[in-house]
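In: Show me the folded form of this:
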Amino acid sequence: MSGKRSPEENGARRRRRRVPHGRMTGSHRQACRVVSGVSSPFGIGGICRSTGGAVVTVQTNVDEPAILPEPVSSRRDKHKLLGQWQDSSAGASQGQAQCGTGREESAAAAVNPGSEERKMRGTATKSKDLAVQWEELTASDFRDAVKRSRGVCVLPIGVVEKHGPHLPLGTDTMIVRAAALGAAKREYVVVFPEYYFGQISEARHQPGCITIPPELLSPLLQGVCDSIARNGFRKILIVNGHGGNNEWLFFFCQTQLAQPRDFVLYYAIPEPDPELAPRIKKLRKTDWGGHADEEETSRLMALHPELVQLERAGQESGVPLKRLAALPALTAVSWYADHPHHFAGIVDASNVERGKLELESSIRGLVAVYQAVKKDTVARKLQDEFFARSAAPLKPAVVGGRR
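Out: So this is what the prediction gives:
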């Protein structure tokens, strides 16, 4: 075989030599761009690095071959495609990791391939506010959220039950979570996702009601609280949005003393805002009710007017029947005796203005509660003291400097 090369082979060698050392051709570069956590239009779900004059492609899934895109025909088309991709991925990541942009960056990436990813992740965290909703936080942001909240997680609790003929089944949960989130945006805490599993046995006869067996109600909530604490929160604040939960939640709070715990459970008792109270009172037309009434209807009209069907309110009566009024005792059917339609109140005077004021009053009250719970350092000390004494009740104890 002759050692001479054909003109075509010599031309190919000259073209290859024109590629500068440590750089990539356009076709290589287009195949080797990736943004951490965001799939690119260039078809590689991994990391690309330039090492010397060679291009090394590291795939996310090594068992599958890399599928490269078709070549981009011109520089103009290439930049157009890149611009479209950058626009579509805006907000998902603040940085772009581009391969082959320089020897120093390439060498650093080869030594520590996770450095660039961590850099971009940190930039993204600093460039936006932390979400207050637990479910909207990323795992990488969660530690920052726990720290910023000073270890406070708010747990709004409602139920799924009938609210007269005119309001949706989730009214209580919608209202309480809206107030909890509104307050969290003013005084940062982490708000747990919707919790619908409360005490509502008295509405089992109505369509759409979800009831949890009594033997599961408290263990379920305890498991949730324990899991919240396991994730770093040492203060859990329950905000109740359903009147039928009151006695159960009071009891549940007391059961926290049954065994030592590494968190404190608080039950919010917000005060009405004194500035707004007179304005709200002027808008009230009735001084009784309690369920799907003027107040709740007004609140939901302010939050979700599309879900309120006020024209249906007259289909059922919200006036108490008082069928057990003569009985000097409480029974399981006392509520049912008065309100078999599960509706208590008159809603004719419901209006958006009052609803907005009611919600704002609740938010201001909760902000004050959040701030107090964050500052509290006494409850945990007293709780630990109680657990220590309850473990040895006959042992003399020192309380406040005295035996």
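In: need the contact list for the closest residue to G243 other than its chain neighbours.
Out: Closest residue in space to G243, ignoring its immediate chain neighbours: G290 at 6.4 Å, by C-beta to C-beta, 6 or more residues apart in numbering. Glycine gets a C-beta too; all of them are placed from N, C-alpha and C. Contacts for G290 were tallied using C-beta atoms under 8 Å, 6 or more residues apart in numbering; they are 243, 344-345.
In: What separation do you get for G290 and F251?
Out: 21 Å (C-beta to C-beta, to the nearest Å).
In: try P168
Out: From P168 across to F251, the span is 28 Å (C-beta to C-beta).
In: the more surrounded of those two?
Out: Legend: neighbour count by other C-beta atoms under 10 Å for P168 and F251, higher for P168 (16 against 10).
In: and the closest residue in space to the more buried one that isn't next to it in sequence, how many residues sit next to it?
Out: Using C-beta to C-beta, 6+ apart and skipping residues adjacent in sequence, the residue nearest P168 is L307, 4.9 Å away. By the measure other C-beta under 10 Å, the count of residues near L307 is 14.
In: same question, the one 3 residues further on
Out: Applying other C-beta under 10 Å, we find 14 other residues in the vicinity of L310.
In: So what does the residue lying closest to it once chain neighbours are set aside have for phi and psi?
Out: If the residues on either side of it in the chain are set aside, L310 comes closest to H166, at 5.8 Å by C-beta to C-beta, 6+ apart. Main-chain dihedrals, H166, degrees, to the nearest 10: phi -120, psi -10.
In: Y195 now?
Out: Y195 has phi and psi values of phi -120, psi 110 when expressed as degrees, to the nearest 10.
In: Using PDB, list the CA coordinates for the helix of greatest length in the chain.
Out: Taking DSSP state H as the criterion, the chain has its longest helix at helix 352-375. Extracted in PDB, the C-alpha atoms of helix 352-375 (Å, rounded to 0.1, in the frame of the first residue of the first chain):
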ATOM      1  CA  VAL A 352     -67.800  41.000  49.500                       C
ATOM      2  CA  GLU A 353     -66.800  44.000  51.600                       C
ATOM      3  CA  ARG A 354     -67.500  42.300  54.800                       C
ATOM      4  CA  GLY A 355     -65.700  39.200  53.600                       C
ATOM      5  CA  LYS A 356     -62.600  41.100  52.900                       C
ATOM      6  CA  LEU A 357     -62.600  42.800  56.300                       C
ATOM      7  CA  GLU A 358     -63.200  39.500  58.100                       C
ATOM      8  CA  LEU A 359     -60.300  37.900  56.300                       C
ATOM      9  CA  GLU A 360     -58.000  40.900  56.900                       C
ATOM     10  CA  SER A 361     -58.900  40.800  60.600                       C
ATOM     11  CA  SER A 362     -58.100  37.000  60.800                       C
ATOM     12  CA  ILE A 363     -54.700  37.600  59.000                       C
ATOM     13  CA  ARG A 364     -53.700  40.400  61.400                       C
ATOM     14  CA  GLY A 365     -54.700  38.200  64.400                       C
ATOM     15  CA  LEU A 366     -52.600  35.300  63.100                       C
ATOM     16  CA  VAL A 367     -49.600  37.500  62.400                       C
ATOM     17  CA  ALA A 368     -49.600  38.400  66.100                       C
ATOM     18  CA  VAL A 369     -49.900  34.700  67.000                       C
ATOM     19  CA  TYR A 370     -47.000  33.800  64.700                       C
ATOM     20  CA  GLN A 371     -44.800  36.500  66.200                       C
ATOM     21  CA  ALA A 372     -45.600  35.400  69.700                       C
ATOM     22  CA  VAL A 373     -44.900  31.700  69.000                       C
ATOM     23  CA  LYS A 374     -41.600  32.500  67.300                       C
ATOM     24  CA  LYS A 375     -40.400  34.500  70.300                       C
END
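In: Can you give me the buried ones in it?
Out: Buried residues in helix 352-375, counted by 16 or more other C-beta atoms under 10 Å: 354-367, 369-370, 373-374.
In: now swap in stretch 316-330 and tell me
Out: Burial within stretch 316-330, assessed by neighbour count using 16+ other C-beta under 10 Å, is assigned to 316, 318, 320, 324.
In: The last one sits in which helix or strand?
Out: Read that as L324. In the assignment (DSSP states H and E), L324 maps to no helix and no strand.
In: Now do the helices in this protein.
Out: Secondary structure of the chain (DSSP H): helices located at 7-17, 26-31, 75-88, 103-111, 115-126, 139-148, 171-184, 214-230, 246-254, 277-283, 294-303, 334-338, 352-375, 378-391.
In: helices and strands around the last one, which ones?
Out: In other words, helix 378-391. Where contact means 3 or more C-beta pairs under 8 Å, 6 or more residues apart in numbering; DSSP states H and E, helix 378-391 is packed against strand 264-267.
In: Using CSV, list the CA coordinates for the strand it packs on.
Out: Only the C-alpha atoms of strand 264-267 are listed here, as CSV (Å, rounded to 0.1, in the frame of the first residue of the first chain):
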residue,chain,number,x,y,z
VAL,A,264,-44.2,22.0,71.4
LEU,A,265,-47.8,22.0,70.0
TYR,A,266,-49.6,25.3,70.0
TYR,A,267,-53.3,26.0,69.4
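In: and that strand, what other elements does it pack with?
Out: Applying 3+ C-beta pairs under 8 Å, 6+ apart, one finds that strand 264-267 contacts strand 235-240, helix 246-254, helix 378-391.
In: most packed of these?
Out: With neighbours taken as mean count of other C-beta atoms under 10 Å, the helices and strands packed on strand 264-267 reach their highest mean count in strand 235-240, at a mean of 23.
In: give me the low-pLDDT residue ranges for the stretch 251-400 of the chain?
Out: For the stretch 251-400 of the chain, applying pLDDT under 70 flags the ranges 400.
In: And the pLDDT for the residue nearest to L310?
Out: Looking at H166, its pLDDT reads 97.
In: for T60, same thing?
Out: Looking at T60, the pLDDT reads 34.
In: What of the one 5 residues further on?
Out: P65 is assigned 36 on the pLDDT scale.
In: do the same with the one 3 residues further on
Out: At L68, the pLDDT value in this model is 34.
In: please begin residue numbering at 133 from this point
Out: With 133 as the first residue, the last one maps to L200.
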